[in-house]
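**Student:** only geometry, no sequence info:
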């Protein structure tokens, strides 16, 4: 194992390793739309979905679609209000993800209520939002090949839900004899298990979609451990220990597809590379050090073999996954509209997944 303190300039920059804005000029959402709290890119349609709040103290929010390319680049395509629930005086949205199999955006509202919207026009695909659990959600991930999603909650429960479509014939009017074909969206709880008891719960997921021919697996960060579960049965496959201190608590995970390696980011600002190869699970392969603050999110570019990492202070780094050296760095600015340091830190963490780990 080698412990690397990576510095920019150790290796020639790759053409795709330089961090720079996507647009020539900064793309700023008009103040009339409010603060952007969450984003999710849909590469298929070249849209970005955002959750907006008119001001930090309002109870409701807005889901909006923006064009990334074409003549309407940077313009809002459509929007839909997201209202607070009876048990949530001020709406809190956990995150947004693009569900490829349904061609839809999934939005989870606290405590654990699922909304599904069409990626074309944000039309709701569920007759009513689906309550996944009655306790606060801690993390979730979408498994597109299986048309399923996995969630973790504060009561130590992990559940897998199946999302599918069925073709049904029914009349659009109760008094009509003419029936039409409709698409119904169904959600079922396929499997649930517990990762522990008391104050132990999963706080991060990473999925192996049979990338290394060992079947579908779910890696769950639980305190200072990484637990690998069989996707079909929920059975524990193996366990890797990382540490138990708060400073070493795992905050983000990514799995390489070209080699059985798990990339783990922690609150102590380090990025550790673990082997998940059969027979050597849990072996530390390398440690990357280039952040001054805790890791908020990770994203692997499997095509170009680079790793993006984002810390809780807005520090963005780009790493070469082969040589494991730092290619580029950038500092993301936190909005001055947020009126205290805690709000600014929370804003970075809530945007982290979209900035450094956009789901497909």
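**Tutor:** Arrived safely. Keep in mind the model is a prediction, meaning the values are calculated, not measured. Numbering: from 1, shown residues only.
**Student:** Residue 324 against residue 288, yeah?
**Tutor:** Yes - with contact defined as CB atoms under 8 Å, residue 324 counts as touching residue 288 (6.3 Å). In short, each C-beta sits where N, CA and C put it, glycine included.
**Student:** So between these two, which is more surrounded?
**Tutor:** residue 288 (25 against 19; other CB atoms under 10 Å).
**Student:** mind listing the helices for the protein?
**Tutor:** 341-356 (DSSP state H).
**Student:** mind showing which ranges of it have poor pLDDT?
**Tutor:** Applying pLDDT under 70 to the chain flags residues 1-33, 55-59, 85-91, 171-172, 243-248, 333-360.
**Student:** Now do residue 47 against residue 71, distance only.
**Tutor:** 14 Å (CB to CB, to the nearest Å).
**Student:** If you count surrounding residues, which of those two has more?
**Tutor:** Between residue 47 and residue 71, counted using other CB under 10 Å, the more crowded position is residue 47 (22 against 6).
**Student:** Surely the more buried one touches residue 66?
**Tutor:** Yes - contact criterion CB under 8 Å: residue 47 and residue 66 qualify, at 6.7 Å.
**Student:** can you list residues touching both of these two?
**Tutor:** residue 77 (CB atoms under 8 Å, 6 or more residues apart in numbering).
**Student:** and the residue nearest to residue 253 when sequence neighbours are not counted, what is it in contact with?
**Tutor:** Counting by CB to CB, 6 or more residues apart in numbering, residue 253 lies nearest to residue 206, which is 3.8 Å off, once chain neighbours are set aside. By CB under 8 Å, 6+ apart, the residues touching residue 206 are 141, 218, 219, 253, 254, 255, 262.
**Student:** The third one reaches residue 202, doesn't it?
**Tutor:** No - here residue 219 does not reach residue 202: they are 9.7 Å apart, not a contact under CB under 8 Å.
**Student:** Residue 132: neighbouring residues, count only.
**Tutor:** With neighbours defined by other CB under 10 Å, the count for residue 132 comes to 20.
**Student:** just residue 122 next, same as before
**Tutor:** Neighbours of residue 122 (other CB under 10 Å): 20.
**Student:** Can you give me the distance of it to residue 54?
**Tutor:** Taken as CB to CB, the span from residue 122 to residue 54 is 18 Å.
**Student:** Also residue 134?
**Tutor:** The value you get for residue 134 to residue 54, if CB to CB is used, is 29 Å.
**Student:** more neighbours, these two?
**Tutor:** With neighbours defined as other CB under 10 Å, residue 134 and residue 54 compare such that residue 54 has more, 15 against 10.
**Student:** How about the contacts made by the more buried one?
**Tutor:** Each residue near residue 54 by CB under 8 Å, 6+ apart is listed here: 33, 34, 60, 61, 62.
**Student:** Reformat those as JSON lines; add neighbour count.
**Tutor:** Supplementary listing: the contacts of residue 54 in JSON lines, determined by neighbours: other CB atoms under 10 Å:
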{"residue": "33", "neighbour count": "16"}
{"residue": "34", "neighbour count": "20"}
{"residue": "60", "neighbour count": "12"}
{"residue": "61", "neighbour count": "26"}
{"residue": "62", "neighbour count": "17"}
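**Student:** Can you tell me which of those residues is closest to residue 297?
**Tutor:** residue 61 (21.3 Å; CB to CB).
**Student:** which residues touch the closest one?
**Tutor:** 37, 51, 52, 53, 54, 81, 82, 91, 93 are the contacts of residue 61 under CB under 8 Å, 6+ apart.
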